[in-house]
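K.L.:
when you get a sec, could you give me coordinates for this:
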Amino acid sequence: MTTTASAAPVSLADGLVLREARPQDLDRIGALLTARGEPADALDHRLVAEDPDAGWSSCAVVVDGDRVVSTATLLDESLRVGGVQLPAGQVELVATDKEYEGRGLVRALMGWAHARSAARGHVVQAMIGIPYFYRLFGYEYAIDMPQALALRTPPPGAGAPALRAAGPADIPAMAALQDAAQERFDVAMPHSAACWRWLLEHEASALWVLERAGAVVATGRTTPPDGGVLLAEAAARDEEAARQLLRGVAALAPEGPVRVVDRPGTVTSAAWREFLEHEPREQAEQYYVRVPDVAVLLDRLRPLLWQRLTAAGADPGDRDIVVSTFGAHYRIPVRAEGLGAVVTGGPMQGPRAVGGAGVAPDQLPALLFGPHGLAGLTRLRPDVYAAREELFRTLFPPLTADVLSFYLPF
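P.N.:
Residues are numbered from 1 along each chain as shown. As a prediction, the model looks like this:
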C-alpha cells in the first residue's frame, strides 16, 4: 500500500481550499467528473480511491465550502528504461467546475500532485493529456504512441475462437503475456497490480483472454462495440493465438469498423500484418513526460549509460561526461569501474568547449525516452548538439517504447 503523510490543507484565493480528498467527497467528486468528462470517470475514481494500493491519499480536491470544484488523482507507475526501473507518477482524472475555470486551480492541483509524486520517490512523471496544456506544468512530448490501424479483413478460420472476458484469476497470465511483449522495447511502462484490478471493473474498456487447452495464450483490451471496436494492448504467445484473438475481437463488432493498435516487433504485429491497413502517420501523437530533477534522473540512469558505453566499446577518454541544459549543467565522472555520481553545476552556454553536449531543457525527456536519440534531435533542433558526437550518440540512442496506461490514448 502506498503511504504518504497527508499535507496540510492550503488556502487559495476567494476562500477556496486545496486538500487531500476524503471518503465523504466521493459522490461530489464523481458528480464533477461526470459533468466535465464521462460518466465512467466517477467509477474509475472510486476504484482508485477505495483501492488499498492507492487510496484517498492519491486524490486531491479544491473545495468551496462543501462543494468540490476541482480535482486530480496521482497514480503510481514504474517506467523501465533498459534494465533500470524508474518509479513514476501519472496524473489522471483532472476536472474543474466550469464556473471556477481560469482561477489557477489545475495549476495548484498539479503542484500538489508533483509534490506528492516526489514524496513517493517518483523520479519522472508520464501522462496522456490535452494537446499543449500540460506543457504549462513542465511536461514535454517525448514518447511516441503506436498507431491504430484499420482491420482490412479478419484472419480466416473455422469455429468461434475461445475468447472470453477476463477475470481476476487471469491477471497473472495477462501480466506475463504483456511482460513478454514489452521485453523487446527499450522503454516500457506495464500496468501496476492495482491497475489490473481497476481495468477488470471499469467501463471504458474490457479485457479479454483467449484460451488453448485451458491455458491463456492471448489477451487484449477493447473499447465498447458502439459503432465499431478498438483492440489495444494485444499480446499473444504465438502467431496462431494472435490471429485467433483478432478473429474473436472482430466478431464483437460484425458491422465494423475494427481498429487495431499495432505494437511493432511483437508477435501480434507480425501475425496481423497482412490483415491491417498500413498507412503513413498523418499527425504526431506522443505521451507527455516530466523530469522534475535532471540530476536525480541521470544518476538513476548511470548503470544504463555505462552499459551502453561498454557494449559499444566506446572510449569516453579521460574527460567527464557533461550535459548542459544551458541554465545548468550535469557532470558525470568517468572511472575505470563505471560512472560516478552526477554533479550539478551552474549555467553553461558553451558545452562544446569542454567536450560536452547541449540539450535544451524541453528536449531532455525526448532525449532520454524518445525515438530520435541525440542524432535525430540534432537534425531537428539547433539547441541539441554534442562536441563528441560518437560518444553522445552511444550514450543517448533512439529508443523504442511501449506504454500501458489506465486510459487508452486512442
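K.L.:
model confidence for the most far-flung residue of the chain relative to its centre, exactly?
P.N.:
Residue farthest from the centre of the chain, counting by CA atoms, centre = their mean, is Ala158 at 38.0 Å. You'll see Ala158 listed with a pLDDT of 87.
K.L.:
pairing partners for the longest strand seen in the chain, with directions?
P.N.:
The residue-count maximum for a strand in the chain (DSSP state E) belongs to strand 67-81. In the sheet, strand 67-81 lines up against strand 59-64 (antiparallel), strand 84-96 (antiparallel), strand 187-189 (antiparallel) (DSSP bridges).
K.L.:
would you mark the buried spots in the last one?
P.N.:
Read that as strand 187-189. Buried residues in strand 187-189, defined by neighbour count with 16 or more other CB atoms under 10 Å: 187-189. For every residue, glycine as well, the C-beta is placed using N, CA and C.
K.L.:
and for stretch 102-116?
P.N.:
Buried-residue list, stretch 102-116, by 16+ other CB under 10 Å: 103, 105-106, 108-110, 112-114, 116.
K.L.:
repeat for stretch 164-179
P.N.:
166, 170-171, 173-175, 177-178.
K.L.:
ok, stretch 52-64 next?
P.N.:
53-64.
K.L.:
stretch 342-352 now?
P.N.:
Using 16+ other CB under 10 Å as the test for burial, stretch 342-352 gives 342, 348, 351.
K.L.:
same question for that stretch, mean pLDDT?
P.N.:
Mean pLDDT, computed over stretch 342-352, is 98.
K.L.:
roughly how far out does it sit from the chain middle?
P.N.:
Averaged C-alpha coordinates place stretch 342-352 at 29 Å from its chain's average position (CA atoms, centre = their mean, to the nearest Å).
K.L.:
what's the span of that stretch from first residue to last?
P.N.:
19 Å (CA to CA, to the nearest Å).
K.L.:
which of the buried residues of stretch 52-64 sits closest to Ala72?
P.N.:
Ala60 (5.8 Å; CB to CB).
K.L.:
residues touching the closest one, list them.
P.N.:
Neighbour list for Ala60: 18-21, 71-73, 109, 112-113, 116 [criterion: CB atoms under 8 Å, 6 or more residues apart in numbering].
K.L.:
helices along the stretch 1-150 of the chain, start to end?
P.N.:
Taking DSSP state H, counting those that start in this stretch to define them, one finds helices in the stretch 1-150 of the chain at 26-36, 40-49, 105-119.
K.L.:
nope, the stretch 301-410 of the chain is what I was after
P.N.:
Using DSSP H, counting those that start in this stretch, helices in the stretch 301-410 of the chain cover 302-312, 364-369, 373-380, 389-395.
K.L.:
pLDDT at Asp262, what is it?
P.N.:
So, for Asp262, pLDDT stands at 97.
K.L.:
what's around it, how many residues?
P.N.:
19 (other CB atoms under 10 Å).
K.L.:
out of the strands paired with strand 67-81, which comes closest to Val322?
P.N.:
Val322 lies closest to strand 84-96 among these, at 21.0 Å (CB to CB).
K.L.:
got the buried residues for the closest one?
P.N.:
For strand 84-96, the neighbour count (16+ other CB under 10 Å) marks 86, 88-96 as buried.
K.L.:
likewise for stretch 265-281?
P.N.:
Under the neighbour-count criterion of 16+ other CB under 10 Å, stretch 265-281 has 266-269, 271-272, 275-276 buried.
K.L.:
ok, stretch 290-304 next?
P.N.:
Counting neighbours by 16+ other CB under 10 Å, one finds that the buried residues in stretch 290-304 are 290-292, 294-295, 297-302, 304.
K.L.:
identify the farthest-apart pair in those residues.
P.N.:
Those two in the buried residues of stretch 290-304 that are separated most widely, counting by CB to CB, are Arg290 and Arg302, at 20.6 Å.
K.L.:
what's the distance between the residue farthest from the centre of the chain and Arg247?
P.N.:
10 Å (CB to CB, to the nearest Å).
K.L.:
cool, Thr96 as well?
P.N.:
44 Å.
K.L.:
re the thing from before, including mean pLDDT and distance to Ala40, could the strands paired with strand 67-81 go into CSV?
P.N.:
Shown next, in CSV, are these (pLDDT from 0 to 100; distance: least, CB to CB, whole Å):
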stretch, mean pLDDT, distance to Ala40
strand 59-64, 98, 17
strand 84-96, 98, 11
strand 187-189, 98, 22
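K.L.:
reformat those strands as JSON lines; add distance to Ala235.
P.N.:
JSON lines is the format used below for the strands paired with strand 67-81 (distance: least, CB to CB, whole Å):
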{"stretch": "strand 59-64", "distance to Ala235": "30"}
{"stretch": "strand 84-96", "distance to Ala235": "20"}
{"stretch": "strand 187-189", "distance to Ala235": "12"}
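K.L.:
name the nearest residue to Asp14, ignoring sequence neighbours.
P.N.:
Nearest residue to Asp14, sequence neighbours excluded (CB to CB, 6 or more residues apart in numbering): Arg103, at 7.3 Å.
K.L.:
what is the neighbour count of the residue nearest to Gly370 when sequence neighbours are not counted?
P.N.:
Once flanking residues are discounted, Gly370 sits nearest to Ala142: 4.8 Å by CB to CB, 6+ apart. Counted with other CB under 10 Å, residues neighbouring Ala142 total 27.
K.L.:
need the contact list for Ala142.
P.N.:
Contacts for Ala142 (CB under 8 Å, 6+ apart) come out as 286-289, 365-366, 368-370.
K.L.:
below-threshold pLDDT in the stretch 101-250 of the chain: ranges please.
P.N.:
Along the stretch 101-250 of the chain, no part satisfies pLDDT under 70.
K.L.:
farthest pair within the buried residues of stretch 52-64?
P.N.:
Spanning the widest gap among the buried residues of stretch 52-64 are Asp53 and Asp64, at 30.7 Å by CB to CB.
K.L.:
ok, back up a step: for the contacts of Ala60, which one is nearest Asp402?
P.N.:
For those, the minimum distance to Asp402 (CB to CB) is 23.4 Å, reached by Thr73.
K.L.:
just checking, the closest one touches Val48?
P.N.:
Yes. Judged on CB atoms under 8 Å, Thr73 makes contact with Val48 at a distance of 5.7 Å.
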